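Colleague: model this:
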Amino acid sequence: MAAPKNHKGIAIMLYMSTELNEKLSASAKKSGRAKVTEALFRLEDHLELFESIATPGQRFPAGSGSKD
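Modeller: Residues are numbered from 1 along each chain as shown. Here you go, the predicted model:
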């Protein structure tokens, strides 16, 4: 779950392609969330579901213990 606004954390800056930005913007609009909140929710969700990513499209489920 995303950290509450009063929770201390860190800020990061990243660059993304125009295509990825458009997808994130569309997803944020559909969910009714701000783009930053949408990105945080999606990142947290992905990190909970997958312990590792070898290359885009090749993921290892969290708790699998195997990277074969």
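
Colleague: so where do the strands sit in the chain?
Modeller: 50-55, 58-61 (DSSP state E).

Colleague: in the protein, what spans have low per-residue confidence?
Modeller: Scanning the chain for pLDDT under 70 picks out 1-6, 64-68.

Colleague: please redo it, this time with the cut-off set to 90
Modeller: Counting by pLDDT under 90, the chain shows low-confidence ranges at 1-11, 46-47, 49-68.

Colleague: for it, what spans make up the helices?
Modeller: Assigned by DSSP state H, the chain shows helices spanning 18-31, 35-49.

Colleague: and the strands of the chain as TSV, adding distance to Thr37?
Modeller: For the C-beta atoms, the positions are set from N, CA and C on the backbone; glycine is no exception. Listed next are the strands of the chain as TSV, based on distance: least, CB to CB, whole Å:
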stretch	distance to Thr37
strand 50-55	21
strand 58-61	23
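
Colleague: what would the helices of the chain look like in a markdown table with mean neighbour count and distance to Gly57?
Modeller: Formatted as a markdown table, those follow (neighbours: other CB atoms under 10 Å; distance: least, CB to CB, whole Å):
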| stretch | mean neighbour count | distance to Gly57 |
| --- | --- | --- |
| helix 18-31 | 12 | 14 |
| helix 35-49 | 13 | 13 |
